[in-house]
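Engineer: Need coordinates for the following:
(2 chains)
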There are 2 protein chains.
Amino acid sequence: MSERKISTAVIKRLPRYYRYLGDLLEKDVVRISSKELSERMGVTASQIRQDLNNFGGFGQQGYGYNVGYLYYEIGKILGLEEKHSLVIIGVGNLGQALANYTKFDKRGFDIEGLFDVNPRLVGMTVRGIEIRDIDEVYDFVRENNIHIAVLTLPRLKAPQIANELVESGIKGIWNFTPIDLKLDEEKVQVENVHLLDSLMTLSYKISNQ
Amino acid sequence: MSERKISTAVIKRLPRYYRYLGDLLEKDVVRISSKELSERMGVTASQIRQDLNNFGGFGQQGYGYNVGYLYYEIGKILGLEEKHSLVIIGVGNLGQALANYTKFDKRGFDIEGLFDVNPRLVGMTVRGIEIRDIDEVYDFVRENNIHIAVLTLPRLKAPQIANELVESGIKGIWNFTPIDLKLDEEKVQVENVHLLDSLMTLSYKISNQ
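Structural biologist: Now for the predicted structure:
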């Protein structure tokens, strides 16, 4: 059922569905109509039906959606059935904050290695994980079959390190550096979190309110 | 010239233009053709011309763009001429990471207050700013004409605190909590950074590569 090309807009909405369904599960909600889900999420019921039809539907007419089943299925589509192993490269404030973010573990994202150039950080531990020298990251990625590299390091070093990570077999880069990495999309997927871009977007909205 | 309604897609691209132009300025590039800028940014030259025409153009036929002028003008559109005062609510790992992020200052985003519920944190300082009790944030926002509240606190408390911030006159909320705030768009602008959504999007891309 995932043969069709799914639009980026739909993909961007999937984690949000997953988040809302997770909240409903926590509140022991077993079943929800597309109308009620749409009211909670602030999108139209027809949008929800259309989005989920991309993946085969999941709803029954007059019954609504089974929350647990839909949560499970969307999780599967998002690739959350499989464990994802991560390394964080750059263990400054942001890298440490991400290393301490327990929500990632719960979703199957396991942080397995921390790397930094700063000799003062190397050898220290964060949540029981030792910080290693950045030169060791490529072998570490190869030997431990690491899927995702989180880049929270200075921008100047990012392109070269990203290239070497791709050579080492990394499958995804979660890029927090303020540059757009130019990498082979056949080999690696990139997701950017450009914090300053986001803050400037907020500034624009405030100024043009 | 900002009378027309600008599409969200264009607005989202503006910080990226600003970022690339800032890089060019640092390299002392004075002038750039839309062709060259488009190659660097990985968008078409006609896209760039269209985007910038929303704001009156800025380019001259056969001359290209004056980098410094364009940087200045886009900064103005983004509301960066005006200083923005911020408070960070929730000074855990992520809040501290953001408090230490010097790039914000450089763009005119001044962190003026830090607030937390945790009595062990209250009284400590980060970058010379004392962490105060969260109950004090509303008066602080009123008295210091704070524009933006950064929410890096547990999700359960976020909706009520956001509502009270709006009552206190906050103009923008930079929301790092994993919920979508439902607030009056006439009064306050919200920009979300849902980290786990972003990581799940990356997981999707890897799984469906």
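
Engineer: drop to CA atoms for contacts and neighbour counts, all remaining ones
Structural biologist: Noted.

Engineer: Check for me that A:Asn131 belongs to a helix.
Structural biologist: Slight slip there: residue A:131 is Ile, not Asn. No - counting by DSSP: H, G, I helix; E, B strand; the rest coil, one finds A:Ile131 to be strand, located in no helix.

Engineer: Would you confirm that it contacts A:Met124?
Structural biologist: Yes - between A:Ile131 and A:Met124 a contact is recorded at 5.6 Å, counting by C-alpha atoms under 8 Å.

Engineer: Which one's more surrounded, these two?
Structural biologist: A:Ile131 (24 against 13; other C-alpha atoms under 10 Å in any protein chain shown).

Engineer: tell me what the top helix by length along chain A is packed against?
Structural biologist: Longest helix of chain A, by residue count under DSSP state H: helix A:8-26. Helix A:8-26 is packed against helix A:67-77, helix B:195-207, with contacts defined by 3 or more C-alpha pairs under 8 Å, 6 or more residues apart in numbering or on different chains; DSSP states H and E.

Engineer: buried residues in it?
Structural biologist: By 16 or more other C-alpha atoms under 10 Å in any protein chain shown, the buried positions in helix A:8-26 come out as A:Ile11, A:Lys12, A:Leu14, A:Pro15, A:Arg16, A:Tyr17, A:Tyr18, A:Arg19, A:Tyr20, A:Leu21, A:Gly22, A:Leu24.

Engineer: now do stretch A:134-141
Structural biologist: Going by neighbour count (16+ other C-alpha under 10 Å), the buried part of stretch A:134-141 is A:Ile134, A:Val137, A:Tyr138, A:Phe140, A:Val141.

Engineer: quick check, nearest of the residues you listed to B:Asn100?
Structural biologist: Of all these, B:Asn100 sits closest to A:Ile134, with 22.5 Å by C-alpha to C-alpha.

Engineer: next one: phi and psi at the closest one?
Structural biologist: Backbone geometry at A:Ile134, expressed as degrees, to the nearest 10, gives phi -60, psi -30.

Engineer: Domains in chain A, by residue range?
Structural biologist: Following automatic domain parsing, one finds the domains of chain A at A:8-77, A:84-197.

Engineer: least reliable of these going by mean pLDDT?
Structural biologist: Sorting the domains of chain A by mean pLDDT places domain A:8-77 lowest, at a mean of 87.

Engineer: Just the terminal-to-terminal distance for it.
Structural biologist: Domain A:8-77 has an end-to-end distance of 14 Å (criterion: C-alpha to C-alpha, to the nearest Å).

Engineer: next one: stretch A:123-130
Structural biologist: 6 Å.

Engineer: which outside residues touch that stretch?
Structural biologist: The contact list for stretch A:123-130 (C-alpha atoms under 8 Å, 6 or more residues apart in numbering or on different chains) reads A:Gln96, A:Ala99, A:Asn100, A:Glu112, A:Gly113, A:Leu114, A:Val122, A:Ile131, A:Arg132.

Engineer: Counting neighbours, which of these comes out on top?
Structural biologist: Most surrounded of the contacts of stretch A:123-130: other C-alpha under 10 Å gives A:Leu114, at 27 neighbours.
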